[in-house]
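Student: my questions are about this predicted structure, shown below with the sequence.
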Amino acid sequence: MPTLIMQLQCRLAYDAVIASIRDAESILIFGPGEAKDELKKRLEGNNLSGSIVGIETVDKMTERQIAVKIRHHFAESR
């Protein structure tokens with residue numbers, strides 16, 4: 001039973017993320033583990049795969065490191 005509850009919680013969390021980024025022009029997915037791959041699949045299932053500009057595995061990052069990574073990624077893509 002705990003696994004089923006965790007799966008439901010994950011689905012709800014992905015749905016909340018997708019709802020908040022639905023109108024984004026570009027989506028960069030990064031983080032540790034497999035959650036980013038599941039989010040990518042969910043985005044593809046919601047016809048948002050065209051907005052995905054990258055998916056990367058990275059270790060735990062501070063907010064400052066995240067901001068620098070995003071700025072760097074989008075500066076290179078111009």
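Tutor: The structure has been received and is ready for your questions. Residues are numbered from 1 along each chain as shown.

Student: find the residue at the geometric middle of this structure.
Tutor: Centre of the chain computed as the mean C-alpha position; nearest residue by Cα atoms, centre = their mean is I29, 3.9 Å away.

Student: strands paired with whichever helix or strand that one is part of, and their directions?
Tutor: Assigned by DSSP states H and E, I29 belongs to strand 27-31. Using DSSP bridges, the strands paired with strand 27-31 are strand 52-57 (parallel).

Student: quick check: I52 vs K40, distance?
Tutor: 6 Å (Cβ to Cβ, to the nearest Å). The C-beta positions use only the backbone N, C-alpha and C, and glycine is treated the same way.

Student: okay, and the common contacts of those two?
Tutor: I29 (Cβ atoms under 8 Å, 6 or more residues apart in numbering).

Student: isn't the residue nearest to the centre of the chain right up against I55?
Tutor: Yes - using Cβ atoms under 8 Å as the test, I29 is close enough to I55 to be in contact (4.5 Å).

Student: joint contacts of those two?
Tutor: With contacts taken as Cβ under 8 Å, 6+ apart, the residues that reach both I29 and I55 are K36, K40.

Student: where does the prediction get shaky in this structure?
Tutor: 1, 77-78 (pLDDT under 70).

Student: again, only this time at 80
Tutor: For the chain, the stretches flagged by pLDDT under 80 are 1-2, 76-78.

Student: just the helices in it please.
Tutor: 2-21, 35-45, 63-76 (DSSP state H).

Student: give me the contact list for the second one.
Tutor: Contacting residues not belonging to helix 35-45 are listed as 10, 14-15, 17-18, 27, 29-30, 49, 51-52, 55-57 [Cβ under 8 Å, 6+ apart].

Student: which one of the residues you listed is nearest to F74?
Tutor: Comparing those against F74 with Cβ to Cβ picks out I27 as the nearest, at 11.5 Å.

Student: what distance do you get for the closest one to D15?
Tutor: Counting by Cβ to Cβ, the gap from I27 to D15 is 15 Å.

Student: neighbour count for the two, which is higher?
Tutor: I27 (20 against 12; other Cβ atoms under 10 Å).

Student: which residues does the more buried one bridge with?
Tutor: I52.
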